[in-house]
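1. Provide a 3D model corresponding to the input given below.
(2 chains)
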Amino acid sequence: MCGELRKAHVGQKVFLAGWVDRRRDLGNLIFIDLRDHTGMTQVVVSREKDPEAHEKGEQVRSEFVVGVEGEVLERSAETVNAQVATGEVEVRARRLLILNEAKTPPFAIEDETKTAEETRLRYRYLDLRRPRMQERLRLRHRAALAVREHLSEHKFVEVETPFMTRSTPEGARDFLVPSRIQHGKFYALPQSPQLFKQLLMIGGTDRYFQIVRCFRDEDFRADRQAEFTQVDIEMAFPEREALFEIIEGLMEKLWALAGVQIERPFPHLTYDEAMERFGSDKPDLRFGLEWRQIAVPAAAREKLRLFESLKAMRLPKLAEISRSQLDRLQDFARTTSADWFSYFKVSGRGIQSPLGKVIGDEAVKALAEGIGAEPGDLVLLLGIKKSGTTSPRTTRSSADRRLDEASGVLRLEAARRFELIPKGGWHFAWIVDFPMFEFDEKEKRFNAMHHPFTSPQEEDLEKLESDPGDVKALAYDLVLNGSEIGGGSIRIHRQDIQRRVFKALGMTEEQARARFGFFLDALEYGTPPHGGIALGFDRIVALLSGESNIREVIAFPKTASAVDLMCEAPAEVDSRQLDELGIRIK
RNA sequence: GGGGACGUAGCUCAGUUUGGUUAGAGCGCAUGCCUGUCACGCAUGAGGCCGCGGGUUCGAGCCCCGUCGUCCCCGCCA
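-> Below you'll find the predicted structure:
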């Protein structure tokens, strides 16, 4: 192959085939860099020595597909190219075959491209020729192999589940597929194989996995596509920690592909803790900034009595930050869900803060002591005003939740602005004990935070009816450097509890039957306790490749408006096709 | 659904501030010369619906309105 020739091959006869990366025509001597996925080799064609090959060489252009028959020559000392792995040798072409011509490509096939993504996607087959894209596809392949190997070792079996299934109105919007045989009826593409994997557990396949495509008809982002790939995993008789161990072992193997040894075991954070300390259920733990809920100091109680909730965060060594930077941070804080932002700086000379004028220096000092501020610290403060809302109780009040949200956004923004995020470093964490439900303020009802098949925690069962907002679920997320790369739960395996959860979600018995009747039936035939997790395969491969956009690790991705620019999908169809399906476009 | 950025040669961009004659650059491409190049070099040349539609104006790449596309974010994504 093109990238494999070394000094040891000197003198051998070889046949190479590949794409013309570059041609350098010196007249009577032509150099051709021949490329395949393994790399490049320089081919020399001389008019004097090989006139026929030389004549072909004159016709060759970028991206022509050519075959070369010749021998490996050692380059003289002056002509060695140390930049290239094959730079000590070259191939003298005795015969040159043009296997196929090529139009001039719309952009150069090289790693350092500035070409607009739109153009790259339109000509994805050319974009994929870039060595970096080849590396990513191959990394993805090795990651898939590692998944299959690791899970097989742990006695999991890969089972395929249907892509044409039944629409379930829970969760994301479904992609629908019309039925020709039964007009007016539709299949849905799965948002995930959730029910199927649970049915596999009931079906005695007690350890299942699948590298599987999932479909969600929602709006897209850098880390979200209309179709994406999950590593879907489920096991019967699950111990949460045993599952975590299997997954951590898998992460270890995956990161080894990138030459990284990760630290295990991963720390556990409860959801409440993550929200309070980091303002996020997917905290970026690469940097140590943490919020603390604080009490209003007695001296300031009068002035700050409007506040229901206050949080403070220490930023060590940032006391020298300029006033204008803080003003800009304040502008940013105003765009968050918090009602109030302030700060103080602690230096050898004491505490400086615009807050002193409002609540008095003594009160600021009390605040500083309250959170253990030290000289050199910049301390940011966020507050939420008291309000009269009457949402049902959840583990944290709605003011707390607004404050958490703002604190999470501000923490990330401050870390970015003040360049506190270290390069490299992989900080995994398990987020556990998620709330079972979240309250939908618009619809005035509870939704399942994970999904409606997640088991409530044993000790919270009695609150399912009386105080659903306070019920914790046996749900967990796997988080890495601030992104969620997986999530799962221990499932409900008892029909009576499943019914109660549906009821808490505001579903009547009839609605539950209509949507999930087959599943409720199945639960009655000896369902083993079971649970699992789904990992975001695209996100994982993207992180392994150092990319923040999953399009970079998907061979043929779609744009943010769910369009395939290369094949121009979606597209209109013949009216005959619509007729057969009994569909008329409004 | 909302907000922001971008759209000029095949590619990447300048030109838009302050409307004015023939819209530029680098790379790529074509042709010629060149036997040690490797981002080859040198010379010559071709290449433009300034995203699209409307408007203002004597005159629009530039101003106004609309629209389409791409990217990022919010909502959404159990």
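
2. Using PDB, list the CA coordinates for stretch A:359-371.
-> This file holds the C-alpha atoms of stretch A:359-371, laid out as PDB (Å, rounded to 0.1, in the frame of the first residue of the first chain):
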ATOM      1  CA  ILE A 359     -25.400  46.200  52.200                       C
ATOM      2  CA  GLY A 360     -22.500  47.700  54.100                       C
ATOM      3  CA  ASP A 361     -18.900  46.400  54.300                       C
ATOM      4  CA  GLU A 362     -19.600  44.400  57.400                       C
ATOM      5  CA  ALA A 363     -22.200  42.300  55.600                       C
ATOM      6  CA  VAL A 364     -19.900  41.700  52.600                       C
ATOM      7  CA  LYS A 365     -17.300  40.600  55.100                       C
ATOM      8  CA  ALA A 366     -19.800  38.200  56.600                       C
ATOM      9  CA  LEU A 367     -20.600  36.800  53.200                       C
ATOM     10  CA  ALA A 368     -16.900  36.400  52.400                       C
ATOM     11  CA  GLU A 369     -16.400  34.500  55.700                       C
ATOM     12  CA  GLY A 370     -19.500  32.500  55.100                       C
ATOM     13  CA  ILE A 371     -18.000  30.900  52.000                       C
END
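
3. For residue A:586, see how far away the closest residue to residue A:372 other than its chain neighbours is.
-> Leaving aside its sequence neighbours, residue A:372 sits nearest to residue A:314 (CB to CB, 6 or more residues apart in numbering; 7.5 Å). Every C-beta, even on glycine, is put in place using the N, C-alpha and C of the backbone. Per CB to CB, to the nearest Å, residue A:314 is found 58 Å from residue A:586.

4. From residue A:197, how far out is whichever residue of the stretch 451-586 of chain A sits closest to RNA strand B?
-> Proximity of the stretch 451-586 of chain A to RNA strand B (CB to the nearest atom of the strand) peaks at residue A:451, 2.6 Å away. For residue A:451, the distance to residue A:197 equals 12 Å [CB to CB].

5. Give me the three-state assignment for residue A:446.
-> Using DSSP: H, G, I helix; E, B strand; the rest coil, the structure places residue A:446 in strand.

6. is it in a bridge, and if so with what?
-> On the basis of DSSP bridges, residue A:446 is bridged to residue A:439.

7. what sits against it?
-> A:437, A:438, A:439, A:440, A:468, A:469, A:504, A:505, A:506 (CB atoms under 8 Å, 6 or more residues apart in numbering).

8. so where's the longest helix in chain A?
-> With DSSP state H setting the assignment, residue counts place helix A:131-153 as the longest helix in chain A.

9. Give me the helices and strands touching it, please.
-> Judged by 3 or more CB pairs under 8 Å, 6 or more residues apart in numbering; DSSP states H and E, helix A:131-153 is in contact with strand A:157-158, strand A:207-215, helix A:240-257, helix A:537-544.

10. Show the contacting residues for the nearest residue to residue A:491 once chain neighbours are set aside.
-> Nearest residue to residue A:491 in three dimensions, chain neighbours excluded: residue A:453, at 5.0 Å (CB to CB, 6+ apart). Residues near residue A:453 by CB under 8 Å, 6+ apart: A:194, A:195, A:198, A:489, A:491, A:492, A:498.

11. Kindly recompute the last result at 10 Å.
-> A:170, A:194-195, A:198, A:489-493, A:498, A:501-502, A:516, A:519, A:523, A:530-531 (CB atoms under 10 Å, 6 or more residues apart in numbering).

12. What about the residues you listed, which are in helices?
-> Per DSSP H, the contacts of residue A:453 map to helices at A:194, A:195, A:198, A:498, A:501, A:502, A:516, A:519, A:523.

13. More neighbours: residue A:314 and residue A:586, which one.
-> When neighbours are counted by other CB atoms under 10 Å, residue A:314 comes out ahead of the other of residue A:314 and residue A:586, with 21 against 2.

14. does the more buried one really touch residue A:346, like I thought?
-> Yes. If you go by CB atoms under 10 Å, residue A:314 and residue A:346 touch, sitting 9.0 Å apart.

15. which ones are touching the residue of the stretch 451-586 of chain A closest to RNA strand B?
-> A:168, A:170-171, A:191-192, A:194-195, A:473, A:475, A:487-489, A:491.

16. Kindly state the beta-bridge partners for residue A:312.
-> Counting by DSSP bridges, residue A:312 forms beta bridges with residue A:292, residue A:381.

17. Verify the contact between it and residue A:366 for me.
-> No. Contact criterion CB under 10 Å: residue A:312 and residue A:366 do not qualify, at 11.9 Å.

18. Tell me which of the two has more neighbours.
-> Neighbours per residue, other CB under 10 Å: of residue A:312 and residue A:366, the larger number sits with residue A:312, 24 against 17.

19. Tell me where the stretch 451-586 of chain A has strands.
-> Along the stretch 451-586 of chain A, counting by DSSP state E, counting those that start in this stretch, strands occupy A:475-480, A:483-490, A:530-536.

20. any chance of the ones you listed in a markdown table, with mean neighbour count, distance to RNA strand B and mean pLDDT too?
-> Listed next are these as a markdown table, based on neighbours: other CB atoms under 10 Å; distance: least, CB to the nearest atom of the strand, whole Å; pLDDT from 0 to 100:
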| stretch | mean neighbour count | distance to RNA strand B | mean pLDDT |
| --- | --- | --- | --- |
| strand A:475-480 | 24 | 8 | 97 |
| strand A:483-490 | 21 | 8 | 96 |
| strand A:530-536 | 24 | 8 | 97 |
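
21. between those, which gets nearest to residue A:359?
-> Set against residue A:359 and scored by CB to CB, these come closest in strand A:475-480, at 36.7 Å.

22. Mind giving me the packing neighbours of the closest one?
-> helix A:240-257, strand A:268-270, helix A:271-278, strand A:428-432, strand A:483-490, strand A:530-536, helix A:537-544 (3 or more CB pairs under 10 Å, 6 or more residues apart in numbering; DSSP states H and E).

23. Show me which residues of the longest one are buried.
-> Spelled out, that is helix A:240-257. Buried residues in helix A:240-257, counted by 16 or more other CB atoms under 10 Å: A:240, A:243, A:244, A:246, A:247, A:248, A:250, A:251, A:252, A:253, A:254, A:255.

24. and that helix with strand A:483-490, angle?
-> 150 degrees (axes from the mean of the first three to the mean of the last three CA atoms, to 10 degrees).
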